[in-house]
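> sequence first, then the predicted structure:
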Amino acid sequence: MITQQLLKSLFDYQDGQLIRKKNGKSAVIPMGVKRYERVSINGKAYNLHRMIYLWHYGSLPKVLDHIDGNRENNRIENLREATQQQNCLNSKHRSTSTSPYKNVYLQNDTGFKRNWVVSLMVSGKRKYIGSFEDIELAGLVAQEARDKYHGQYARHF
């Protein structure tokens, strides 16, 4: 079992990295695209951000959130404990979306009028916010709704 004491005996922390005490080099194992950076400890690979959190706080929460959404930014000030739901709220806007705004989608079944619908997840359930002809207005309403319902976990892009 990895402990804070073991980590501090093997590594120093510096700007989002764990540096091996024995050789002064970064402990990061090169990983593929869209993967979390890893570190090898006693022949086993661990997610770097989780080991950094443990190094600082001595505990390992079930879920850790990268506040800025960047998996490569493992600075301790960018890591926070979260629930799985909070972690999902902080997700990025999907590139496959038909809208340039997060939580806004085009509703085509309204005849010839284009309506942009705003909805988001609140307490595990989809919440309908409203329908708008103007996409920019829908984007602003979605941002306000995220601020209201998602608080510090709201991500607008």
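In hand now; what should we look at? Every value quoted in this text rests on a predicted model; they were computed, and no experiment measured them.

> for the helix or strand hosting H56, packing partners?
Per DSSP states H and E, H56 falls inside helix 48-57. Counting contacts by 3 or more Cβ pairs under 8 Å, 6 or more residues apart in numbering; DSSP states H and E, helix 48-57 is packed against helix 4-10, strand 11-14, strand 17-20, strand 38-41, strand 64-66, strand 79-81. In short, each C-beta sits where N, CA and C put it, glycine included.

> which residues touch the third one?
Spelled out, it's strand 17-20. 7, 10-13, 25-28, 39, 48, 51-52, 55, 74 (Cβ atoms under 8 Å, 6 or more residues apart in numbering).

> please repeat the previous calculation with a cut-off of 6 Å.
F11, D12, S26, A27, V39 (Cβ atoms under 6 Å, 6 or more residues apart in numbering).

> what's opposite the third one in the beta bridge?
Yep, that's S26 we're talking about. Note on S26: beta-bridge partners I19, judged by DSSP bridges.

> buried subset of the contacts of strand 17-20, written for ChimeraX?
Selection of buried members from those for ChimeraX, criterion 16 or more other Cβ atoms under 10 Å:
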select :11,27,39
